[in-house]
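Student: please work out how this folds:
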Amino acid sequence: MLRRRILSILMAITLTITGLQVVNLPNSEKVLAVDSDWELVWSDEFEGDSLDTNVWCYDVGIGPEGNGWGNEEIQYYTDRTDNVSVSGGELKITAKKEQYGNRNYTSGRITTWKKKSFQYGKMEARIKVDGGNQNGVWPAFWMMGHDYSDGTTDEGIIWPSCGELDIMEHANNRNYTEGTIHWRRGGVGTVKDNHEYWGSYSNGEYYYFDNNEENGINGWHTYGVIWDEDKIQWYVDDNVYLVAYLNEGNKYAFQKEHFFLFNLALGGPSTGYTGNTTVDSDFQSATMHVDYVRVYQGGSTEIETTTREIVSPDGDFSKLTYKASNNNPDLSVAFYEGKTDDEINYCLDQGEKFYVATKGIKAAPDFKRVECNGDVQESPSPGANFWIPMSVLKKDAYNLVTIQDKNGNEYHFVIKYGTPVAVETTTPEQTTPEQTTPEQTTPEETTTPSQTTNKEINLLGYQISTSYEGVRIVANVEPVINGQEVKNWGLIYGLKGYGNKDTGITDEDMYVGVDNSYVKSYQSTSAGTLQSQLGASSTATYYARTMKFGASTVTALTADYKVRAYAVLADGSYVYSDIGEYSIARVADKLYQGKLMNTKSSHSYLYEKILAKVYKDYKEVDFIWNNTVVKPEEVEADN
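Tutor: Down below sits the predicted model:
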């Protein structure tokens, strides 16, 4: 009875889907390693109704040298509660438009100088900045060497010799934050010379917000660094975006204790960090909220790197004409829609970057922004270099790039990086479908093939289909793999756990033809024809199948499955994707908590038919419009 029920749950149907939007995934996303050995050694949760002056001190004025703290900042820092306050479990630093100390603006800057300093570990703060997207607004969370001297006495070491570690900085309406280290070239000196720095501005590795208007600097994010004697890693919300490896020239500045600083500066017409952009005439205020600042020590300083496949755009690329890059024969471009090849010379490869350029010039005066597979670059100023890291391009695949000009018009083109083998228009006689893949032959009737995985076939993610009441598996299958035409594709499901029953299946069971009653394979319905394609049948590489679950029990909704995609090549051999793990409830939870369904009825379906049924006291969330998939690594079962 149990086996019969399991097989009914595993029944799949083939869908033909058009217009399905699959979420763009970064090519290489680094995430913080989960390490239970981290120990919280100090924090300020900002409870109570005043700043703890046993820990914090105020910087007041316009800087010891009267030059806006060395940055030509235009505000006057005060120790008033109008500018620095604690309430509601938050530190609040407010910049205001008001006359004070011969300045037109006030704000706050606090530090733990001479009171609290730390060497190595994980340092982080949870921050949002109301009004942080205004011109001239410059919030920062940073550290400096404990032996820092402000120059008013003979004690300590002046900047930049003391070392500076910027954990988070943001300016104007940028859709990114950045990290930087500063030191003095040649070691400790007695004057402010030989300034060296390295970080986001040096190599373009910024942290980009996914929604700058609703959840950029004005939304809550956790900004931090993991720091040891050899390197510093910057992260936002557990996503590592920058790593600095210390060397003999700068180790002296970062192999010692540092203290914390929070400030909300305002840039003026001579403030370099804000691009010499000052606050607008209608500026009134901005407030930096800090939920907490914490220091952990004793854990691993390593990071995990999760490589994810970039989703190429849907569509028929067979009629596009590709033009090679000036410098890289593997980089070529074609129009998807919009402007013509004569108007824009798109890609100028420069090592680890590619430039988007107009009329052969390495600049984009007419462009406002460029987006490539989710990576966005805003044009800093007319005529400035406009580039995107090569790391966002998926090798041997098509990549969609969107250009937005100064008038808001958008144009799309495709970058082909590498040389994907073209699909043969005719099938060689010796490898016809009738010879290699008989129509009556199903995967269950074949013998176990060679067990090989291939990067050109991948699981892209999961969706919930409310109309079919099933989990839709989205997969990428390139039309040509290992130089051979793909004749068919399918999915393999393995029931890993059902209720209290562990079926004991392993990754070695996840192959077509394996003799295991808890593993089931489903291929497309017509031999030699790819089904369920997303896009034109001759060029499609993205496919979907739906595993129906209907009105299942809680046990079935929480059952753990393994899944992988496979392809049958012209010579009859099989290739496989990596294996994913999921449960219906985990997929639904990720979609629901992320507010990622595209209709109100779909959103309600998740809550009423699955989540409230599975999880006691499950909380209902607000609905917003969106449409995406849950990525495989987000629903892996705990091992």
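Student: where is the longest helix in this structure?
Tutor: helix 584-593 (DSSP state H).
Student: name the helices or strands packed onto that one?
Tutor: strand 457-465, helix 554-557 (3 or more Cβ pairs under 8 Å, 6 or more residues apart in numbering; DSSP states H and E). For every residue, glycine as well, the C-beta is placed using N, CA and C.
Student: among these, which is nearest Val519?
Tutor: strand 457-465 (16.3 Å; Cβ to Cβ).
Student: relative to helix 584-593, how tilted is the closest one?
Tutor: Strand 457-465 runs at 70 degrees relative to helix 584-593, counting by axes from the mean of the first three to the mean of the last three Cα atoms, to 10 degrees.
Student: name the helices or strands packed onto strand 457-465?
Tutor: Packed next to strand 457-465, using 3+ Cβ pairs under 8 Å, 6+ apart, are strand 470-477, strand 542-548, strand 560-569, helix 584-593.
Student: quick one: mean pLDDT over that strand.
Tutor: Mean pLDDT, strand 457-465: 80.
Student: got the angle for that strand vs strand 470-477?
Tutor: Using the same axes, to 10 degrees: strand 457-465 against strand 470-477 is 160 degrees.
Student: highest average neighbour count across the helices and strands packed on helix 584-593?
Tutor: strand 457-465 (a mean of 24; mean count of other Cβ atoms under 10 Å).
Student: just want the angle from that one to strand 560-569.
Tutor: Relative orientation of strand 457-465 versus strand 560-569 (the same axes, to 10 degrees): 130 degrees.
Student: only alpha carbons, please: show strand 457-465 as CSV.
Tutor: This file holds the C-alpha atoms of strand 457-465, laid out as CSV (Å, rounded to 0.1, in the frame of the first residue of the first chain):
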residue,chain,number,x,y,z
ILE,A,457,22.7,20.1,-18.0
ASN,A,458,21.5,21.7,-14.8
LEU,A,459,18.7,22.1,-12.3
LEU,A,460,17.7,25.7,-12.2
GLY,A,461,15.0,25.7,-9.5
TYR,A,462,11.5,24.9,-8.3
GLN,A,463,8.1,26.6,-8.6
ILE,A,464,4.6,25.7,-7.3
SER,A,465,2.1,25.3,-10.1
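Student: do you know how far the closest residue to Gln593 other than its chain neighbours is from Gln463?
Tutor: With sequence-adjacent residues excluded and distances taken as Cβ to Cβ, 6 or more residues apart in numbering, Gln593 is closest to Val621, at 6.4 Å. Distance from Val621 to Gln463, counting by Cβ to Cβ, to the nearest Å: 18 Å.
Student: in the stretch 51-200 of the chain, which spans are helices?
Tutor: Shown for the stretch 51-200 of the chain, the helices assigned by DSSP state H, counting those that start in this stretch span residues 200-203.
Student: repeat for the stretch 401-550 of the chain
Tutor: Under DSSP H, counting those that start in this stretch, the stretch 401-550 of the chain gives helices at 433-436.
Student: where do the strands sit along it?
Tutor: 410-417, 457-465, 470-477, 480-481, 484-498, 501-502, 519-523, 542-548 (DSSP state E, counting those that start in this stretch).
Student: out of those strands, which is closest to Val279?
Tutor: Among these, the nearest to Val279 by Cβ to Cβ is strand 410-417 (30.3 Å).
Student: ok, back up a step: burial measure for the residue nearest to Gln593, as a count.
Tutor: Val621 has 14 neighbours, counted by other Cβ atoms under 10 Å.
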